[in-house]
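Engineer: what follows is a predicted protein model with its sequence.
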Amino acid sequence: MSPRKGGRERLERGRGEDEEECSHDTGAWSCSYAKKNKGQRGKHRLLNFLKREIMRRESHPLLRGGRRGGGKYKHAFSSTEMESLSSICEALLPPLQLESLDSSKENNPRSSKAVQSFWKVSGSQFSVPDQVAEMLTKRALPEAMILLRVILWMLATRLGTLLLCGSLCLTGKWPFINKFSDICLENRDKVLQKWFKHRFLTPIRLAFLYFKVLCLFVFFSWCDENGENPTWEAIGYKVDNDTDENSNNTHKERPLEKGIVEAINETNLSLPQSLAQKCLEVSIDARNNILKIKCDVVVVGSGCGGGVAAAVLAASGQKVLVLEKGNYFTPRDYSSLEGPSLNELYEYGGTFASWDGNMAILTGTTVGGGSAVNWAACIRTPDYVLKEWAEDYKLPLFSSYEYLSAMDTVCKRIGVTDKCVEEGLQNQVLRKGCNDLGLQVDYVPRNSSEHHYCGSCNYGCRRGDKQGTEVTWLVDAVDHGAVILTGCKAERFILEKNKEGNVRKKKCLGAMANILTNNVTWRLQIEAKVTISACGALYTPPLMISSGLENKNIGRNLHLHPVLMAWGYFPDSISDLKGKIYEGGIITSVHKVLSEDSKVKAIVETPAMGPGTFSSLLPWESGLDFKERMLKYSRTVHLITIIRDKGCGEVRAEGRIGYKLDESDKENIEAGLKQALRILIAAGAVEVGTQRSDGQRLKCNGNNEKEVKKFLESVKATGGPMTHEEKFSIYGSAHQMGSCRMGMTEIEGAVDENGQSWEAEGLFVCDASLLPAAIGVNPMITIQSTAYCIAKRIAKFLMIE
C-alpha cells in the first residue's frame with residue numbers, strides 16, 4: 001500500500017457515523033432518490049444527484065461535505081453562551097411567515113416548494129451555531145474571543161441583556177426583563193439593527209459583525225455528506241459538477257507524485273524513510289527529537305514565487321526541498337464545494353481579516369499557494385509601474401531585458417491565452433455596460449485555454465485547465481529531483497554570525513520546521529546552502545522577525561490592493577444576458593478608470609461569489625430583507641473596483657495585520673465604485689447598490705440622469721466598523737505585497753536587488769513581499785517574473801560558492 005493511498009483510506013475511515021450510509025453503492029442510492037423525486041423533474045434531479053455522488057466519491061475526503069470524525073463539536077463556549085449565539089443566528093436568518101413571501105415570489109422562477117422551505121428555515125438549524133463556535137475557537141484572535149464570549153455571557157443574563165438591548169428586552173410580566181434568547185424574534189431583529197448602527201461602542205458593533213459574517217457564511221456554504229445544502233435550490237445555486245471540458249487534463253495520476261512527501265500520511269518511523277527515498281540526506285538526533293535533513297536549497301512556500309524558484313534551481317542542478325504547510329490536491333481531488341474548499345485551501349478558512357475588521361483578506365494555503373485558487377488573471381506588469389520602480393526606487397532590474405524576457409518565459413510556461421471564447425454573466429454585464437457607455441473594456445489574459453468556462457477555479461480547478469504552479473513549475477522542479485514536503489511549517493531560520501562577510505553580519509544555514517500532524521513529533525532541522533522565504537507577504541515578515549532579523553522594512557510597506565464592490569440585479573425575465581453569477585470564467589474582462597490626465601485611478605473587474613461569500617458580504621438590514629435579497633443571489637452581478645494603494649500597513653506577527661487607506665486611495669476607490677455603478681445601470685440592472693452597512697441602493701426603472709447623479713454623489717469610500725460612523729464598509733484584498741521590499745540599500749529595503757537579505761548571507765526572499773510597491777493589477781505575472789529573475793541570480797550565487 002502506498003503512503004498516499006494509506007493516508008486517504010485513513011481519512012475515509014475517520015469520516016464518522018453520520019456518513020456511513022454513503023458507503024452503499026450508487027445503484028441503491030439511485031433507487032431511493034428516484035422514489036422521492038418522480039417524473040421529469042425527478043429524473044433531472046436524479047441526474048444531478050448522480051453527478052454529485054460521483055464527484056463526492058472522487059473528491060478528496062478533506063474537501064467533501066459532512067462532518068468528518070463524527071462526535072461533538074470542539075469549541076470553548078458554554079451552554080449558556082451557545083444559547084445566546086443560537087438566538088443571534090436565528091435572528092439574523094429568522095423563520096418567516098409564508099404571507100410575507102408574496103412580494104419576493106413574483107419574479108422568482110424557482111420551485112415554490114423550495115422557496116417556501118427556505119422562507120421557513122432558521123439560522124440556528126443545521127448545527128450552524130456549533131460550527132460558528134468551532135470556527136471562532138480555532139481562528140479568532142485571543143482578545144476577540146474574550147470580547148465575543150463576554151457579550152454572549154451578558155446576553156445570557158437579564159441585566160446584561162438590559163445593558164445591551166435596552167427597552168426591547170422589557171416585558172409586562174415578572175421578572176419584567178427577558179434575557180436575549182427569550183426576546184421575541186421581532187424585537188431581536190430590531191436589536192440587531194440597532195447594534196449594526198452603534199457609533200460609540202464600536203467593539204460591540206465589531207463583535208456582532210463577526211457573528212453576522214460567520215453565521216451567514218456557515219449557513220450558506222455548509223453542505224451535508226452528499227454535497228447538498230437545502231437552501232441552494234431556492235437561491236438558484238448549483239455546484240459545478242462538470243469535468244468533461246479538457247477531460248484529458250483531468251487525469252487521475254498525480255503530477256507531483258515522484259517528488260511529494262505528505263506528512264498527513266507519515267509517522268515518526270516512515271517520514272525519515274520517505275525523505276531518504278527521495279535522495280535527501282537524512283539523520284536522526286533522537287536525544288533532541290530532531291530529524292536532520294541536508295539539501296542545497298530549502299524553499300519555504302510553494303506558491304507563485306516558491307514554485308518558480310524551485311523549478312529554476314532544481315534545473316540548475318541543485319537538490320531542492322520545498323516546505324509547504326498546506327496539503328496537496330489534484331484536479332480530481334477538488335469538490336467545488338465552497339465551505340470545505342475554503343476551509344482547506346485558504347488561510348483561516350477564508351475568514352482572514354485585519355485586526356480591526358476593516359479588511360477581509362483572501363490568501364491560499366495549499367500546494368501551489370495562491371496560484372492554485374486565484375482567479376486566473378495574468379496581467380503583465382504595467383510599463384508605468386516598471387518605469388517607477390526602475391527610476392524612483394533605483395532598481396534597474398525592472399527596466400532590464402532580463403525582466404521583460406522573464407515575463408515572456410513565465411507566460412509561455414503557464415499557458416497564458418489572451419481572449420475568452422464565451423464569457424459568464426458577470427463579465428457579459430461588464431462588457432455590455434462599458435460598450436453602451438462608450439468605455440474601453442479589455443480581455444484579461446488567463447493561464448487557461450480560451451474555452452475555459454469555469455466559475456469555481458477559486459476552489460481549485462476541477463477541470464485541470466488552469467495552469468497554477470502545482471501543475472507547471474513544481475512539476476518541472478520534481479522532474480529535476482526536487483522534493484516537496486507538505487504539512488510542514490517553518491518555525492525560524494537558522495542564523496549564525498557571519499565571520500567572513502563584510503556587508504552581512506549573519507549567515508543563514510537553513511531552517512527549523514514543525515510537522516502539522518499528530519502522527520509525527522519530530523522537529524525538522526534543514527541544513528542548506530541557500531534558504532528562500534516564499535511564504536507570501538503575510539508570512540515572510542513574521543518568519544524573518546521570529547528568526548531575529550531587525551531591518552526596519554521587514555513587515556512594513558504592506559500593500560493590499562483594497563477592493564470595494566458594487567452590485568446590480570438582473571432578473572431573468574427582463575434581461576437578455578443569460579447565466580448565473582457563479583458560471584463562466586471568473587475574470588475575463590477589465591475596465592480601467594482613468595483620471596483627466598489619463599492615469600489609471602482604479603480597475604473594474606468581476607469576483608468569484610459563492611453563496612457563503614455573497615451572504616457574508618451582503619448588508620444585513622432585517623431578516624426579511626436579507627432573505628428577499630438571497631432569493632436574487634444567482635442574478636445579482638458584482639463588480640469590484642481595485643486600486644493601486646499608496647497607503648500601507650504592517651504585519652509583524654502571524655495573523656495580526658494593521659492597515660490604513662491613504663486619502664488619495666479613498667478618492668480613487670470612490671471613483672472606481674461610481675464607475676462600476678454606472679456600468680451596471682447601463683447594462684440594464686433594475687436595482688444597483690454597494691455593500692455599505694446601511695444597504696445603500698437605487699431602483700433603476702425610469703430613473704433620469706439627475707436621480708442617478710444624486711445617488712452617485714452619496715456613494716463614498718466610508719471607514720470600517722471600528723470608525724465612529726453610523727455607516728461603514730468592509731474592504732477586501734486578494735493581493736498582498738511589499739512587506740519585505742527590495743531596496744538598493746538596507747535603509748530602503750529588507751532585501752537587495754538579488755532578493756538577498758541585507759542582514760543574512762544565503763537568505764533570500766522570493767515572493768510578493770519583495771515588490772517595492774503596489775502594482776495596481778493582478779500580481780501573478782509580476783511575482784513569477786521577479787521570482788524567475790531572482791532564482792537565476794541565486795543559481796549564479798551558488799555556482800560562485
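Structural biologist: Arrived safely, thanks for sending.
Engineer: now the helices: where do they sit in the stretch 651-800 of the chain?
Structural biologist: Secondary structure of the stretch 651-800 of the chain (DSSP state H, counting those that start in this stretch): helices at 663-683, 705-713, 780-800.
Engineer: what residues sit buried inside the first one?
Structural biologist: Buried residues in helix 663-683, counting neighbours by 16 or more other C-beta atoms under 10 Å, are found at 665-683. (C-beta placed from N, C-alpha, C; glycine too.)
Engineer: and that helix with helix 705-713, angle?
Structural biologist: Helix 663-683 and helix 705-713 meet at an angle of 150 degrees, taking axes from the mean of the first three to the mean of the last three C-alpha atoms, to 10 degrees as the criterion.
Engineer: again, but for the last one
Structural biologist: Here the directions of helix 780-800 and helix 705-713 differ by 40 degrees (the same axes, to 10 degrees).
Engineer: tell me where the protein is predicted with low confidence.
Structural biologist: Flagging of the chain using pLDDT under 70 yields the residue ranges 1-57, 68-71, 102-111, 243-252, 501.
Engineer: about what we covered before: any chance of the helices of the stretch 651-800 of the chain in JSON lines, plus distance to residue 533?
Structural biologist: As requested, the helices of the stretch 651-800 of the chain are exported to JSON lines (distance: least, C-beta to C-beta, whole Å):
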{"stretch": "helix 663-683", "distance to residue 533": "28"}
{"stretch": "helix 705-713", "distance to residue 533": "44"}
{"stretch": "helix 780-800", "distance to residue 533": "11"}
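Engineer: is it fair to say residue 200 lies in a helix?
Structural biologist: No. Counting by DSSP: H, G, I helix; E, B strand; the rest coil, residue 200 is located in no helix; its state is coil.
Engineer: was I right to think it contacts residue 723?
Structural biologist: No. Residue 200 is beyond contact range of residue 723, at 11.3 Å (criterion: C-beta atoms under 8 Å).
Engineer: next one: residue 67 from residue 79, what distance?
Structural biologist: Per C-beta to C-beta, to the nearest Å, residue 67 is found 20 Å from residue 79.
Engineer: dump stretch 223-230 to CSV, keeping only the CA atoms.
Structural biologist: These are the backbone C-alpha positions of stretch 223-230, laid out as CSV (Å, rounded to 0.1, in the frame of the first residue of the first chain):
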residue,chain,number,x,y,z
CYS,A,223,-23.2,21.1,3.0
ASP,A,224,-24.1,17.6,4.1
GLU,A,225,-22.2,14.4,3.3
ASN,A,226,-23.9,14.3,-0.1
GLY,A,227,-22.6,17.7,-1.0
GLU,A,228,-26.0,19.4,-0.7
ASN,A,229,-27.4,22.4,1.2
PRO,A,230,-31.2,22.5,1.4
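Engineer: how about that stretch: buried residues?
Structural biologist: By 16+ other C-beta under 10 Å, the buried positions in stretch 223-230 come out as 223-229.
Engineer: how's this protein carved up into domains?
Structural biologist: Listed by automatic domain parsing, the domain ranges of the chain are 21-57, 79-235, 257-328+366-414+467-557+736-800, 425-446+560-733.
Engineer: how many residues are close by residue 595?
Structural biologist: Burial of residue 595 is recorded as 12 neighbouring residues (other C-beta atoms under 10 Å).
Engineer: apologies, that question was intended for residue 287.
Structural biologist: Number of residues near residue 287 (other C-beta under 10 Å) recorded here: 6.
Engineer: where does it land in three-state SS?
Structural biologist: Three-state call for residue 287 (three-state DSSP): helix.
Engineer: from the chain's centroid, how far away is stretch 177-197?
Structural biologist: Stretch 177-197 has its C-alpha centroid displaced from the chain centroid by 32 Å (C-alpha atoms, centre = their mean, to the nearest Å).
Engineer: which residues touch that stretch?
Structural biologist: Identification of contacts with stretch 177-197 by C-beta atoms under 8 Å, 6 or more residues apart in numbering yields 83-84, 86-88, 90-92, 94-95, 155-162, 164-166, 168-171, 204-205, 208-209, 212, 620-623, 693-694, 726.
Engineer: out of these, which end up buried?
Structural biologist: Buried by 16+ other C-beta under 10 Å: 83-84, 86-88, 90-92, 94, 155-156, 158, 160-162, 164-165, 168-169, 205, 208-209, 212, 620-623, 693, out of the contacts of stretch 177-197.
Engineer: if anything else comes up later, I'll come back, but that's it for now.
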